[in-house]
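J.: Sequence and predicted model, in that order:
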Amino acid sequence: MRSIANLLAGLIFGLGLLISGMANPAKVQNFLDLAGTFDPSLIFVMAGAVMVTFAGYRLVLRRPRPVLAERFYLPTAKDIDARLIGGAALFGIGWGLSGFCPGPAIVSLPLLATGTLVFVPAMLAGIAVARLLMPGKAPRAGPVAQSE
């Protein structure tokens, strides 16, 4: 059942990326081009996502446990360190240069666009290198304190 729920959530997310145009790297790059062909639509997509996520967390975390798991798991690390800053900077540089972040890149992969065919293998290589350089440094997640 969890696999079916994950598949449906992924399909809905991917469909949302396609409908919003966020799977088009030119749309993202136009958002970042403040002095040229600026396209503010990404702001509205982000605002909508933040509102849905905020409401979803407020509703879901009121439950004693998730529907398809024994307990809630949320990140417990709150430190702002060099790894976080470096990772965010690297992500932003890659996003700005390619117009892709992981979700839209994977959604765009079946289109066989050259940019996607370069970005996705590079992203996977980066993940592999990070795991080799920092074994055991994956972000921690712990159970959420139960609310009453």
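T.: Structure received. Nothing here was measured: the structure is a model prediction, and the numbers come from that model.
J.: Is there a neighbour count for Phe119? I'd like the number.
T.: Look at Phe119: counted by other CB atoms under 10 Å, it has 25 neighbours. Heads up, the C-betas are built off the backbone N, CA and C, glycines and all.
J.: right, and it touches Pro104 too?
T.: No: using CB atoms under 8 Å as the test, Phe119 is too far from Pro104 to be in contact (9.6 Å).
J.: Could you tell me whether Tyr57 really is in a helix?
T.: Yes: assessed by DSSP: H, G, I helix; E, B strand; the rest coil, Tyr57 belongs to a helix.
J.: Let me see the confidence value for it.
T.: Tyr57 is assigned 90 on the pLDDT scale.
J.: Likewise for Ala5?
T.: We note a pLDDT of 91 for Ala5 in this prediction.
J.: So for this structure, the centremost residue is which one?
T.: Geometric centre of the chain, nearest residue: Gly103, 5.9 Å, by CA atoms, centre = their mean.
J.: what about Asp33, distance to Ser98?
T.: To Ser98, Asp33 is 14 Å away according to CB to CB, to the nearest Å.
J.: And these two? Which one has more around it.
T.: Ser98 (19 against 13).
J.: Spatially nearest residue to that one (excluding sequence neighbours)?
T.: Excluding its sequence neighbours, the residue lying closest to Ser98 (CB to CB, 6 or more residues apart in numbering) is Phe119, at 5.0 Å.
J.: What strand or helix carries the one you found?
T.: In this assignment (DSSP states H and E), Phe119 forms part of helix 114-133.
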